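J.: Sequence and predicted structure are below.
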Amino acid sequence: TFSMAGSKTLKMKGSYQTLDTNDASLYAVIIAAGSGVTLASDQRISSSLQVNTGSVLTLSTFTFGATGATVLNYGSIRQHTGKLVHTGALIITDGTYADGSLGGSIPGTTVYFQVTDGDGNVAGTALDTLSLALALGSDTETLTLTETTFTSGVFRGSIILSNSSSGTASNGTLEALAAG
């Protein structure tokens with residue numbers, strides 16, 4: 001049985017290790033540079049998860065709960081059929097990406113989306129992408145958001161709004177029925 005009380009950090013160092021705490025809650029975990037760690041049970045973390053450069057965290061079929069924690073990935077997180085659960089945030093904005101900066105939307109205007117989602121940063125050495133499903137009336141579009149830096153967990157993308165007599169799905173423009 002593994003026990004780690006208080007605000008202590010578990011640092012995993014070594015070429016290949018298995019982490020099995022039987023769903024015990026950990027405060028902080030660091031996967032040291034050049035290390036490989038595979039989950040062998042569900043895990044929960046309350047403060048921070050850091051995967052350092054050259055390191056790999058493999059989730060296999062398990063869940064790593066990091067809701068409310070900070071996730072910093074400079075290496076690689078391989079989810080397979082497992083998942084990293086982390087709280088994200090969405091803002092819909094103008095080109096400044098300032099929260100609340102979008103006033104009334106006007107046809108022909110570009111609308112910008114930003115999702116902050118630390119668990120979307122699965123490759124700490126490349127820009128990751130997320131897909132955002134949009135629907136407005138009968139129109140549906142899929143917008144690809146791209147991470148702003150290799151390790152940010154912040155994803156951005158945009159789409160043009162237009163008036164239309166009928167929304168055409170998957171044409172890259174979010175179309176609303178013209179008022180009339």
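T.: Cool, the structure landed.

J.: For my notes, confirm residue 119 occurs in a helix.
T.: Yes - counting by DSSP: H, G, I helix; E, B strand; the rest coil, residue 119 is found in a helix.

J.: Tell me how many other residues crowd it.
T.: Look at residue 119: counted by other C-beta atoms under 10 Å, it has 20 neighbours. Just so you know, the C-beta spots here come from the backbone N, C-alpha and C atoms, and that holds for glycine as well.

J.: do the one 3 residues further on as well
T.: The criterion is other C-beta under 10 Å. On that basis, residue 122 has 19 neighbouring residues.

J.: likewise residue 172?
T.: 10.

J.: Correct me if wrong: it contacts residue 140.
T.: No - proximity of residue 172 to residue 140 does not meet the contact threshold set by C-beta atoms under 8 Å, at 11.9 Å.

J.: what's the residue lying closest to residue 154 once chain neighbours are set aside in contact with, if anything?
T.: Distances taken as C-beta to C-beta, 6 or more residues apart in numbering place residue 148 nearest to residue 154, at 4.8 Å, with adjacent residues excluded. With contacts defined as C-beta atoms under 8 Å, 6 or more residues apart in numbering, residue 148 is in contact with 154, 155, 156.

J.: Grab the CA positions of the longest strand along the chain and hand them over as PDB.
T.: Longest strand in the chain by number of residues, with DSSP state E as the criterion: strand 154-164. Provided in PDB are the C-alpha atoms of strand 154-164 (Å, rounded to 0.1, in the frame of the first residue of the first chain):
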ATOM      1  CA  VAL A 154      -4.100  27.100 -24.900                       C
ATOM      2  CA  PHE A 155      -5.800  26.400 -28.300                       C
ATOM      3  CA  ARG A 156      -7.100  29.000 -30.700                       C
ATOM      4  CA  GLY A 157      -9.000  29.100 -34.000                       C
ATOM      5  CA  SER A 158     -11.500  31.200 -35.800                       C
ATOM      6  CA  ILE A 159     -14.500  31.100 -38.200                       C
ATOM      7  CA  ILE A 160     -16.400  33.600 -40.300                       C
ATOM      8  CA  LEU A 161     -20.100  34.400 -39.600                       C
ATOM      9  CA  SER A 162     -22.400  35.000 -42.500                       C
ATOM     10  CA  ASN A 163     -26.100  35.400 -43.300                       C
ATOM     11  CA  SER A 164     -27.700  32.700 -45.400                       C
END
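
J.: All set, thanks.
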